[in-house]
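S.K.: Structure, please.
(one chain, ligands or ions: 2)
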Amino acid sequence: MPAKATKARAKVLVHHDLCKGCGLCVRACPQHLLEIQKGEINRLGYYPVHFAAESCSGCAACFHACPEPDGLTIIRTLPAAEEKEEPCRER
Ligand code: SF4
Ligand code: SF4
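M.R.: Ligands and ions are numbered 1, 2, ... in the order given. Presented below is the predicted three-dimensional model:
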């Protein structure tokens, strides 16, 4: 099923040389925006994950799934004023 369109709020920076290619972030992403690309290995000898989009919802599920410290960084792109119009509903 195709991913539901959501407002672009962020992008993900993958630190390729820290990634061990475990795929946990790939499985965690509800928008299917991360993928393991076979072909180029990193300095640790793994196929690193790639952010396969220009933007995403910024839910941070990938960040919390990653067991590697500093494996992923979420970069917020939505202006702060716009964030106030849609307050976070998490408790
Ligand atoms: S922040 Fe959320 S939507 Fe964006 S790549 Fe990570 S899991 Fe997917
Ligand atoms: S969860 Fe972390 S270590 Fe695993 S593939 Fe994703 S970025 Fe790499």
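S.K.: From what I see, residue 65 and residue 22 are in contact.
M.R.: No: the pair residue 65 and residue 22 fails to qualify as a contact (CB atoms under 8 Å) at a distance of 9.0 Å. The C-beta positions use only the backbone N, C-alpha and C, and glycine is treated the same way.
S.K.: Can you pull the phi/psi pair for residue 27?
M.R.: Backbone geometry at residue 27, expressed as degrees, to the nearest 10, gives phi -70, psi -30.
S.K.: Tell me how many other residues crowd it.
M.R.: When neighbours are defined as other CB atoms under 10 Å, residue 27 has 12 of them.
S.K.: Give me the pLDDT for it.
M.R.: For residue 27, the model assigns a pLDDT of 98.
S.K.: quick one: it from residue 19, how far?
M.R.: Computed with CB to CB, to the nearest Å, the distance linking residue 27 and residue 19 is 14 Å.
S.K.: So which residues of this structure form helices?
M.R.: 24-28, 61-65, 80-85 (DSSP state H).
S.K.: in the first one, what's buried?
M.R.: Pointing back at helix 24-28 there. For helix 24-28, burial by neighbour count (16 or more other CB atoms under 10 Å) applies to 24, 25, 26, 28.
S.K.: Give me every residue in this protein lying close to ligand 2.
M.R.: 14, 19-25, 49, 65-66, 68, 71-72 (CB under 6 Å from any ligand atom).
S.K.: redo that, cut-off 5 Å
M.R.: Contact residues (CB under 5 Å from any ligand atom) of the chain with ligand 2: 19, 20, 22, 24, 25, 49, 66, 68, 71.
S.K.: just the buried members of those?
M.R.: Among the residues of the chain next to ligand 2, those classed as buried by 16+ other CB under 10 Å are 19, 20, 22, 24, 25, 49, 66, 71.
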